[in-house]
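> when you get a sec, could you give me coordinates for this:
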Amino acid sequence: MKTLIRRSIQFYKKNNLQYILIRILYKILVLISGIFLSPISIICFINNFRILKIDTARIGHFSIEPDIILKGERLGFLKKRKYIILIQDNKNTNQHLKNYWKQYFTIIDNKFIVFLFNGISIFKYINFDTKFIINADENSQYAYLINKSWGQRPPTLTISNTDEQWGQNLLKSLGLKDGQWFVCMHARDPYYSKFDEKIQSYRNSSINNLSLSVQEIKSRGGIAIRVGTSSREIPIIDGLIDYPNGIYKSDRADLYLLAKARFIVGNTSGIALLGSVFGTPCALANMIPMSVMGIGINDITIPKLLMENKRVLSFNEVMNSDIANYRYTSNYNDNLIIPIENDEEDIFQLTLEMLEKLDGCIHDEEGKNMQEKFKMLLKPNHYGFGASSNISLNFLKKYINLLVKNGTN
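Numbers count the residues shown, from 1 in each chain. The predicted model follows:
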């Protein structure tokens, strides 16, 4: 409730009265249309149609939520239904991902028809709220359970032949040689979602700390490609292609690059999930809160460490307190907890570990035991409880003192 109030205050501060009145009028019209269209909602319900309540303007939600619905149905965990996805914001929705989901869902993006279905959706029985998949409040996320059960089955989506041919030309235009592998790299910045930046700023990180990883990828014959938002404030990093600020930036290119990368170096941001639904492994740095893990079974995670009273908290201290689920900047500020960004070396070691994993070179029983000790700290109410992904072995070895403190050894 506090978060809702905070967001509402920010909204009213940033928008003028005219815009607010238009929004109120729109909601009133939606309510009126819903009343008149109530018979249609009943017909849709009887015929097993449901409206998926997805924030399609957020790439992470628009990627993982339909993905988990499909996997849940195929595993027999979810009842099969005829799902409708309403595109509320065509401007910010990845148009090309929309094309991929059309083979499984009814996608409606016509403004007038979306308006009518918004009216129908005032009746809760016709809706299927996807919040439990990746955005459940103070609880574990259903996506972890489904992906653990899914195991090493093929990903939900695969690149089409048409996109493959188009994508090969894109890679050549970006300077890659035929057959050259590449890694997508992302550091969450303040430019993607200015509306809630003050609420979510604790998730940000510096792209400068990717430099060593970029050099390592280059030394092994690969190419590092930055993905994310366009920003002229991004520093020049030798060996890193700044794709978002170039002329080839598009929804189609975003999707192709993330789907075809050897892996993604990401963080606590939804963009990596676009790669996940195509089966791309993710090396995720700066994950926060500490209970967040990678969604994919092949993901590797390192969390931001947390400092209180000039002392770094042990993993046990964090996981046995409310701090493990802090999801807003105010949670940290109000409780004088300082998130510590992963440094260059930590992200470099994470990148090395992913490279070794993909090459089949990791055989470390001691390290695997350490990973299990960390995962045993996850409780049923924690965000990433039940995750099939792992914490980085290199990270746990470096910070072994944080794992063995306070009864975790």
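> just want the most central residue of this protein.
Gly270 (2.4 Å; C-alpha atoms, centre = their mean).
> how close does it sit to Val227?
Remark: distance between Gly270 and Val227 (C-beta to C-beta, to the nearest Å) = 12 Å. To be clear about C-beta, it is placed using only N, CA and C from the backbone, and glycine gets the same treatment.
> and Asp137, by the same measure?
29 Å.
> just Ile241 next, same as before
Distance of Ile241 to Val227, given as C-beta to C-beta: 10 Å.
> tell me where the model's unsure across this protein.
Counting by pLDDT under 70, the chain has low-confidence residues at 1-16, 19, 232, 363-366, 405-409.
> could you rerun that using 80?
Across the chain, the ranges flagged by pLDDT under 80 are 1-23, 26, 29-30, 34, 138, 192-196, 231-234, 361-368, 404-409.
> how is it partitioned into domains?
14-135, 161-407 (automatic domain parsing).
> adding distance to Gly151, write these out as JSON lines.
Shown next, in JSON lines, are the domains of the chain (distance: least, C-beta to C-beta, whole Å):
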{"stretch": "domain 14-135", "distance to Gly151": "10"}
{"stretch": "domain 161-407", "distance to Gly151": "6"}
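> closest to Leu145 out of those domains?
domain 161-407 (5.3 Å; C-beta to C-beta).
> and the strands in the chain?
Here the chain has its strands, by DSSP state E, at 49-53, 82-86, 106-108, 127-129, 182-185, 223-226, 240-242, 263-266, 282-287, 300-303, 305-308, 311-312, 337-340, 390-391.
> ok now stretch 234-246, how far from the chain's centre?
Centre-to-centre, stretch 234-246 and its host chain are 22 Å apart (C-alpha atoms, centre = their mean, to the nearest Å).
> correction: the previous question concerned stretch 172-179.
27 Å.
> contact partners for the closest residue to Thr351 other than its chain neighbours?
Nearest non-adjacent residue to Thr351, counting by C-beta to C-beta, 6 or more residues apart in numbering: Ser213, 4.0 Å away. Counting by C-beta atoms under 8 Å, 6 or more residues apart in numbering, Ser213 touches 185, 224, 265, 347-348, 350-351.
> likewise for Pro190?
Per C-beta under 8 Å, 6+ apart, neighbours of Pro190: 197, 201, 204.
> ok, the closest residue to the last one other than its chain neighbours - contacts?
Think Asn204. Distances taken as C-beta to C-beta, 6+ apart place Arg188 nearest to Asn204, at 5.1 Å, with adjacent residues excluded. Applying C-beta under 8 Å, 6+ apart, we find Arg188 in contact with 203-205, 228, 267-269, 286.
> Ile69 now?
Applying C-beta under 8 Å, 6+ apart, the residues near Ile69 are 52, 78, 83, 130, 133.
> the first one and Gln88 touch, don't they?
No: counting by C-beta atoms under 8 Å, Leu52 does not reach Gln88; the two are 11.8 Å apart.
> give me the more crowded residue out of these two.
The neighbour comparison of Leu52 against Gln88 (other C-beta atoms under 10 Å) goes to Leu52, with 19 against 16.
> picking up where we left off before, between Asp137 and Val227, point out the one with more neighbours.
Taking neighbours as other C-beta under 10 Å, Asp137 and Val227 compare with Val227 leading, 24 against 9.
> so how far is Ile362 from the more buried one?
Distance from Val227 to Ile362, counting by C-beta to C-beta: 26 Å.
> returning to that earlier point: from the contacts of Ile69, which is closest to Arg58?
Using C-beta to C-beta, the contacts of Ile69 come closest to Arg58 at Thr130, 11.5 Å.
> check contacts around the closest residue to that closest one other than its chain neighbours.
In this structure, Thr130 finds its nearest non-sequential neighbour in Glu65, 4.4 Å apart by C-beta to C-beta, 6+ apart. Neighbouring residues of Glu65 by C-beta under 8 Å, 6+ apart: 52, 54, 130, 133-134.
> just put the residues you listed in CSV and tack on distance to Ile120.
Shown next, in CSV, are the contacts of Glu65 (distance: C-beta to C-beta, whole Å):
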residue, distance to Ile120
Leu52, 13
Ile54, 16
Thr130, 17
Ile133, 22
Ile134, 25
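> quick one: which of those is the most crowded by neighbours?
Neighbour max across these (other C-beta under 10 Å) = Ile54, 25 neighbours.
> correct me, but it touches Phe62?
Yes: under the criterion of C-beta under 8 Å, Ile54 makes contact with Phe62 at 6.2 Å.
> what residues are recorded as beta-bridge partners of the closest residue in space to Val265 that isn't next to it in sequence?
Leaving aside its sequence neighbours, Val265 sits nearest to Met185 (C-beta to C-beta, 6+ apart; 4.5 Å). Per DSSP bridges, the residues bridged to Met185 are Arg226, Val265.
> how many neighbouring residues does Met185 have?
Residues near Met185, counting by other C-beta under 10 Å: 28.
> and it, what is it in contact with?
Met185 makes contact with 207, 210, 213-214, 224-227, 240, 264-266, according to C-beta under 8 Å, 6+ apart.
> how far away is it from Ala261?
9 Å.
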